[in-house]
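> show me how the following folds:
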Amino acid sequence: MAPTLFIHAGPSKTGSTSIQHALADNRERFRTEGVYMPNQLIHTCLFSQFSEHRRFPNDEAELEALTAAARDSSNRLVLVSCEFISGLHGDQLTRLADFARQLTDQVTVALYLRHPLDHFASTIQQRLKQGVRIEDSSRTLSYRPMGLVTRFVDAFGGAMRFRPFGDDAAPDWNVVEDFGEMAGLSLNAAAAPRLNPSLSARAALVMDEVAALGLAPLARRKVLRRAEALAGPPFEPDHASVDRFRGQFDDDVAWLEQELKLRMPRPRTRGADLQALRAALDSDHEAQSVLEEARRLWQAPAAGEAHGAFRADKVDG
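Below you'll find the model as predicted:
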């Protein structure tokens with residue numbers, strides 16, 4: 001009997017990194033249980049085959065090995081986890097679906113669906129970590145679950161499995177254990193490290209000012225490690241941004257609950273008065289200490305060049 005090809009397609013900001021680390025930690029055990037995975041943390045080989053833009057190291061070899069594994073009856077499951085797949089266009093997904101069905105007649109594709117309001121807040125945090133200011137990330141809404149679901153259903157039909165990201169009725173809900181249950185794997189959430197932690201409002205506003213400095217990645221990561229230790233309520237976008245997109249959020253959630261019969265968790269994001277929080281930052285000694293380090297790094301091109309260009313405008317010397 002041919003194995004099942006199980007594709008976890010993300011999307012981003014729905015626990016994919018935690019899932020992938022848990023899978024990697026159990027790779028050897030899974031092999032003894034007839035479960036094959038590519039030898040990558042993020043299994044990009046399928047994505048690269050059908051994307052026009054990205055190629056990752058070893059993708060061609062990994063795709064050949066995955067193809068062989070999907071035709072090996074000693075395997076019960078061939079597993080791919082790659083959140084980039086959620087960004088494929090309609091024709092790319094159709095070609096991916098055709099390829100998957102040529103490998104095996106047992107195909108399952110899983111997507112986690114997060115409340116758009118919480119996804120919006122989490123995306124702003126992620127972009128802050130990458131050096132993008134809050135204002136620049138708050139102008140457009142990039143995550144529309146209605147469109148995402150439609151694209152995947154058009155390509156994969158009944159092979160799709162949708163799960164809400166979170167459960168109001170289960171405070172201890174964990175995406176790693178939930179994924180293991182869906183894929184038929186034993187995964188221990190307690191052993192999974194806490195990755196890519198959320199930023200407090202204090203930390204987010206510090207990183208917003210750091211983004212304005214234009215630090216190079218090495219310096220920005222150094223400052224981020226300190227900013228992540230700033231405790232407090234979680235970051236939320238400003239009220240104006242939340243209100244601007246709320247109608248679209250509500251429409252998408254209503255559609256998901258009606259069409260997919262998903263019980264979406266209530267959003268934690270309500271909106272915040274960022275102007276008042278910025279004013280409070282001026283007297284926040286811990287936050288100001290982190291900002292002082294960022295300014296020192298920006299003002300020290302010699303040290304920056306010695307340690308990999310801490311200033312973005314000094315990268316080329």
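> using PDB, write down the CA coordinates of stretch 17-37.
Extracted C-alpha coordinates of stretch 17-37, given in PDB (Å, rounded to 0.1, in the frame of the first residue of the first chain):
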ATOM      1  CA  THR A  17       8.600  26.900  13.500                       C
ATOM      2  CA  SER A  18       7.600  25.000  16.700                       C
ATOM      3  CA  ILE A  19       6.100  22.100  14.700                       C
ATOM      4  CA  GLN A  20       9.200  21.900  12.500                       C
ATOM      5  CA  HIS A  21      11.600  21.800  15.500                       C
ATOM      6  CA  ALA A  22       9.500  19.100  17.200                       C
ATOM      7  CA  LEU A  23       9.500  17.000  14.000                       C
ATOM      8  CA  ALA A  24      13.300  17.400  13.600                       C
ATOM      9  CA  ASP A  25      13.900  16.300  17.200                       C
ATOM     10  CA  ASN A  26      12.000  13.100  16.500                       C
ATOM     11  CA  ARG A  27      13.300  12.400  13.000                       C
ATOM     12  CA  GLU A  28      15.200   9.200  13.900                       C
ATOM     13  CA  ARG A  29      12.300   7.800  15.900                       C
ATOM     14  CA  PHE A  30       9.900   8.500  13.100                       C
ATOM     15  CA  ARG A  31      12.100   6.700  10.500                       C
ATOM     16  CA  THR A  32      11.800   3.500  12.600                       C
ATOM     17  CA  GLU A  33       8.000   4.000  12.500                       C
ATOM     18  CA  GLY A  34       7.800   4.300   8.700                       C
ATOM     19  CA  VAL A  35       7.600   8.100   8.600                       C
ATOM     20  CA  TYR A  36       9.800   9.900   6.000                       C
ATOM     21  CA  MET A  37      10.700  13.600   6.100                       C
END
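> what's the spacing between residue 206 and residue 39?
Distance of residue 206 to residue 39, computed by CB to CB, to the nearest Å: 38 Å. All C-beta spots, glycine's among them, are computed from the backbone N, C-alpha and C.
> how about the CA coordinates for the helix or strand hosting residue 253, as CSV?
Per DSSP states H and E: residue 253 is located in helix 239-259. Extracted C-alpha coordinates of helix 239-259, given in CSV (Å, rounded to 0.1, in the frame of the first residue of the first chain):
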residue,chain,number,x,y,z
HIS,A,239,-6.8,51.3,17.5
ALA,A,240,-6.9,53.0,14.1
SER,A,241,-5.3,50.1,12.3
VAL,A,242,-7.5,47.6,14.0
ASP,A,243,-10.6,49.6,13.2
ARG,A,244,-9.6,50.1,9.6
PHE,A,245,-9.4,46.3,9.0
ARG,A,246,-12.1,45.1,11.4
GLY,A,247,-14.8,44.7,8.8
GLN,A,248,-12.6,42.5,6.6
PHE,A,249,-11.6,40.4,9.6
ASP,A,250,-15.2,39.9,10.7
ASP,A,251,-16.2,38.9,7.2
ASP,A,252,-13.5,36.3,6.9
VAL,A,253,-14.2,34.8,10.3
ALA,A,254,-17.9,34.6,9.6
TRP,A,255,-17.2,32.9,6.3
LEU,A,256,-14.8,30.3,7.9
GLU,A,257,-17.3,29.4,10.5
GLN,A,258,-20.2,29.1,8.0
GLU,A,259,-18.4,27.4,5.1
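> so which bits of that helix are buried?
241, 242, 245, 249, 252, 253, 256 (16 or more other CB atoms under 10 Å).
> and the helix or strand following that helix, what does it pack onto?
Remark: after helix 239-259, the chain's next helix or strand is helix 274-281, criterion DSSP H and E. For helix 274-281, the elements it packs on are helix 201-213, judged by 3 or more CB pairs under 8 Å, 6 or more residues apart in numbering; DSSP states H and E.
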